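Colleague: coordinates for the following, if possible.
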Amino acid sequence: MSDAIIEQASPSKSSRLISLDVVRGITIAFMILVNDNGSERYAYWPLKHAAWSGWTPTDLVFPSFLFLVGVSIVLSTDSRRARGESRKTLLLHAVRRAVILFLLGLVVNGFPYFPLDTLRIYGVLQRIAICYLLASILYLFTGRRAAVLAGVTVAALFCYWVLMRWVPVPGFGVPTHEIPLLDKDNNWVAYLDRKIFPGRLYEGVRDPEGLLSNIPSLATALLGVLTGLWLTARDSLQKKAAWLLAAAACALALGEFWGLWFPINKKLWTSSYVLFSAGATLLALAVCYFLVEVKQWKRAWTFPWIVFGSNAIVAYVFSELLASTLSNMRVEHAGQIVNLRSLIYDGVFSSIVNPSFGSLLYSLAYVAVCFVPVVILYRKQIFLRI
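Modeller: The predicted model follows:
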């Protein structure tokens with residue numbers, strides 16, 4: 001790994017928001033939990049994505065992490081500026097991080113066989129890389145001018161709405177007229193992705209991390225940047241916590257309201273989804289900020305979340321590579337060839353109470369396994385930064 005993103009040192013208590021690490025840790029742990037159900041068929045509904053429009057708690061995980069990336073951009077950039085680093089140095093640093101993240105995403109997609117002719121180009125880490133880089137550039141060149149960043153955010157959300165709602169999809173027509181609004185296959189995101197990467201899409205004819213939906217995804221990161229500006233402003237901790245809570249309520253309400261005309265949809269990352277998911281993240285951040293920063297409740301309950309949050313990318317990559325390993329390792333059982341993941345779930349967990357509860361226990365056990373490498377890194381004070 002490049003030393004652009006790996007540091008071996010103790011995080012400075014004065015320059016880090018412990019509550020941010022806690023929320024990030026909860027987010028990445030929940031992301032691993034929902035990505036690795038023992039049985040997708042029997043998993044409880046909160047641990048599965050909505051089939052299309054609408055949302056479940058699972059649908060709020062990825063945007064929460066991307067939002068927190070935006071917050072971290074402010075804290076990291078300001079810290080480096082305070083140490084005298086130039087804009088050029090910071091820009092090159094952001095580019096290196098983005099490239100490494102994108103390449104890690106390709107590794108996750110291809111592991112263990114790396115089929116180059118069908119390798120999926122899009123992905124979670126790829127989206128983080130793109131939005132991280134663009135948000136970093138905007139922050140570097142606009143400074144702390146919140147009005148400019150807010151203007152870009154509003155423009156991204158509004159333009160995406162106009163495109164998805166009123167611009168005719170080639171060969172299919174105008175949404176709500178010739179085709180339904182947010183048709184699964186006949187929308188601008190799916191259409192463009194099929195043109196660019198045919199045969200490399202996660203769902204065959206569409207991809208939940210498609211190219212065009214990076215526009216509203218950038219807005220998610222920028223909302224995090226704006227939150228980071230507020231968290232570093234010279235106001236009392238109590239006032240910051242109160243405004244976080246107020247912003248959460250507003251974002252949730254606006255997301256639901258906009259959803260009446262532009263439905264909340266994770267796979268298309270609709271503008272209403274951006275606002276609603278940002279509200280959910282702000283709510284979690286407000287609660288943790290109040291408990292940790294205001295009330296100073298930094299006892300043992302924060303430890304596992306700080307561990308996960310301090311090395312979130314390591315935890316995610318490890319969980320994805322381990323999942324691929326378990327799914328691709330074939331073993332013989334009862335005269336049949338099954339993958340190791342199914343063998344573990346069917347043989348150990350599925351019969352505990354019922355298959356759904358067994359699926360949950362498998363997921364919890366999986367999170368515990370993924371905790372091991374990050375707690376080792378934490379003990380050694382090694383941190384992969386985003």
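Colleague: geometric centre of this protein: which residue is closest?
Modeller: Geometric centre of the chain, nearest residue: Phe62, 2.8 Å, by C-alpha atoms, centre = their mean.
Colleague: which of the helices or strands spans that residue?
Modeller: Per DSSP states H and E: Phe62 is located in helix 61-82.
Colleague: list the buried residues of that helix.
Modeller: Of the residues in helix 61-82, 61-78 count as buried by neighbour count, 16 or more other C-beta atoms under 10 Å. C-beta coordinates here come from the backbone N, C-alpha and C atoms, glycine included.
Colleague: cool, and stretch 299-306?
Modeller: Quick answer for stretch 299-306 (16+ other C-beta under 10 Å): 302, 304-306.
Colleague: show me what the helix holding Phe62 is packed against.
Modeller: Applying 3 or more C-beta pairs under 8 Å, 6 or more residues apart in numbering; DSSP states H and E, one finds that helix 61-82 makes contact with helix 18-35, helix 87-110, helix 124-142, helix 214-231, helix 271-288.
Colleague: tell me which residues in stretch 166-183 are buried?
Modeller: Neighbour-count burial for stretch 166-183 flags 169, 175, 179, 182 (criterion: 16+ other C-beta under 10 Å).
Colleague: just the ones in strands from those residues, please.
Modeller: Judged by DSSP state E, these include no members of strands.
Colleague: quick one, domains of the chain?
Modeller: Domains of the chain are assigned by automatic domain parsing as 1-48+301-386, 54-297.
Colleague: OK, contacts around the closest residue to Leu66 other than its chain neighbours?
Modeller: Leaving out its chain neighbours, the residue that sits closest to Leu66 by C-beta to C-beta, 6 or more residues apart in numbering is Thr220, at 4.9 Å. The contact partners of Thr220, by C-beta atoms under 8 Å, 6 or more residues apart in numbering, come to 63, 66-67, 70, 131, 269, 274, 277-278.
Colleague: got the domains of the chain as a markdown table, with mean pLDDT columns?
Modeller: Formatted as a markdown table, the domains of the chain follow (pLDDT from 0 to 100):
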| stretch | mean pLDDT |
| --- | --- |
| domain 1-48+301-386 | 87 |
| domain 54-297 | 96 |
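Colleague: neighbours of Asp207, how many?
Modeller: 23 (other C-beta atoms under 10 Å).
Colleague: for it, which three-state class applies?
Modeller: Asp207 falls in the coil class when you classify it by DSSP: H, G, I helix; E, B strand; the rest coil.
Colleague: in this structure it contacts Leu201, no?
Modeller: Yes - at 4.3 Å, Asp207 counts as touching Leu201 under the criterion of C-beta atoms under 8 Å.
Colleague: hmm, back to that, the nearest residue to the residue nearest to the centre of the chain once chain neighbours are set aside and Val71, how far apart?
Modeller: The shortest distance from Phe62 to any non-neighbouring residue, by C-beta to C-beta, 6+ apart, is to Val124 (6.4 Å). For Val124, the distance to Val71 (C-beta to C-beta, to the nearest Å) stands at 18 Å.
Colleague: and the closest residue to Arg120 other than its chain neighbours, how many residues sit next to it?
Modeller: Leaving aside its sequence neighbours, Arg120 sits nearest to Asn109 (C-beta to C-beta, 6+ apart; 4.5 Å). Counted with other C-beta under 10 Å, residues neighbouring Asn109 total 21.
Colleague: which ones are touching Asn109?
Modeller: Residues in contact with Asn109 (C-beta under 8 Å, 6+ apart) are 119-121, 123.
Colleague: specify which member of these is nearest to Ile28.
Modeller: Closest to Ile28 out of those is Gly123 (15.8 Å), distances taken as C-beta to C-beta.
Colleague: can I assume Leu244 sits in a helix?
Modeller: Yes - checked against three-state DSSP, Leu244 lies within a helix.
Colleague: what distance separates the host helix or strand of Lys195 from the centre of its chain?
Modeller: Lys195 is part of helix 188-196 when elements are defined by DSSP H and E. Centroid separation for helix 188-196 versus its chain: 22 Å, with C-alpha atoms, centre = their mean, to the nearest Å.
Colleague: contacts for it next, please.
Modeller: For helix 188-196, the surrounding residues in contact (C-beta under 8 Å, 6+ apart) are 122, 163-164, 167, 169-172, 184, 201, 205-207, 210-213, 268.
Colleague: the same query, at a cut-off of 7 Å, please.
Modeller: For helix 188-196, contacts defined as C-beta atoms under 7 Å, 6 or more residues apart in numbering pick out 163-164, 167, 169-170, 201, 205-207, 210-213, 268.
Colleague: ok, those vs Gly151, which is closest?
Modeller: Closest approach between the contacts of helix 188-196 and Gly151, by C-beta to C-beta: Leu163, at 18.2 Å.
Colleague: nearest residue to that closest one in space, please, no chain neighbours.
Modeller: Trp188 (5.8 Å).
Colleague: from Gly171, how far out is the one you found?
Modeller: Separation of Trp188 from Gly171 (C-beta to C-beta): 12 Å.
Colleague: Cys370 too?
Modeller: Look at Cys370 and Gly171: by C-beta to C-beta, they are 44 Å apart.
Colleague: likewise for Ala29?
Modeller: Separation of Ala29 from Gly171 (C-beta to C-beta): 43 Å.
Colleague: A helix includes Val331, no?
Modeller: No - using three-state DSSP, the assignment for Val331 is strand, not a helix.
Colleague: for the stretch 251-386 of the chain, which segments count as helices?
Modeller: For the stretch 251-386 of the chain, the helices defined by DSSP state H, counting those that start in this stretch cover 271-288, 303-310, 312-328, 340-344, 355-379.
Colleague: with distance to Tyr113 added, can I get those helices in JSON lines?
Modeller: Output for the helices of the stretch 251-386 of the chain, formatted as JSON lines (distance: least, C-beta to C-beta, whole Å):
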{"stretch": "helix 271-288", "distance to Tyr113": "33"}
{"stretch": "helix 303-310", "distance to Tyr113": "29"}
{"stretch": "helix 312-328", "distance to Tyr113": "8"}
{"stretch": "helix 340-344", "distance to Tyr113": "16"}
{"stretch": "helix 355-379", "distance to Tyr113": "22"}
